[in-house]
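Visitor: turn this into a structure:
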Amino acid sequence: MIRQHVGDRLHWIGGAGDDMVPAYYSMGVRTYTSSIANVAPKLSLRLHELASAGHSAELTKLMNELVVPLYALRARRKGYEVSAMKAMMELIAWRVDPCARHGDLRADEIKSLEATLDQWRPWL
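Guide: Alright, predicted model coming up:
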């Protein structure tokens, strides 16, 4: 029904997000699911701006420095995609529903997320 109402203006990309920005935008897709926006919305917007404008060098730099390390941590165990983002939200003092967690992160992983947040401060 939504497709009938909005036609080709509907873009639905589910299950893959910030880590796919360069690939999606290189194919002409101009939307993605952003988990990073829950913590650092300015970073998510910047990824979109750079990809939309074709600024691949700066986009690659942000991806390598700020996105890829987070996604590597999230890939360590099943459920970490949600758990890592919830933990980051808690670290910046956002209230998080504990029932939504799929697994607790280890102390060293929390330290890694704290370091990530230090790098992300300009983007919060």
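
Visitor: by mean pLDDT, point me to the weakest helix or strand of the chain.
Guide: Least confident helix or strand, the chain: helix 2-6 with a mean of 84, by mean pLDDT, DSSP states H and E.

Visitor: and after that one, which helix or strand comes next?
Guide: Once helix 2-6 ends, the next helix or strand along the chain (criterion: DSSP states H and E) is helix 21-26.

Visitor: what is that next one packed up against?
Guide: Helix 21-26 is packed against helix 41-53, helix 56-62, with contacts defined by 3 or more CB pairs under 8 Å, 6 or more residues apart in numbering; DSSP states H and E. All C-beta spots, glycine's among them, are computed from the backbone N, C-alpha and C.

Visitor: list the buried residues for the last one?
Guide: Spelled out, that is helix 56-62. Of the residues in helix 56-62, those with enough neighbours to count as buried (16 or more other CB atoms under 10 Å) are 59, 62.

Visitor: what sits up against the helix or strand following that helix?
Guide: Secondary structure here is assigned by DSSP H and E; on that basis, the next helix or strand after helix 56-62 toward the C-terminus is helix 68-74. Outside of helix 68-74, the residues within contact range by CB atoms under 8 Å, 6 or more residues apart in numbering are 18, 19, 36, 80, 81, 84, 85, 109, 112, 113, 116.
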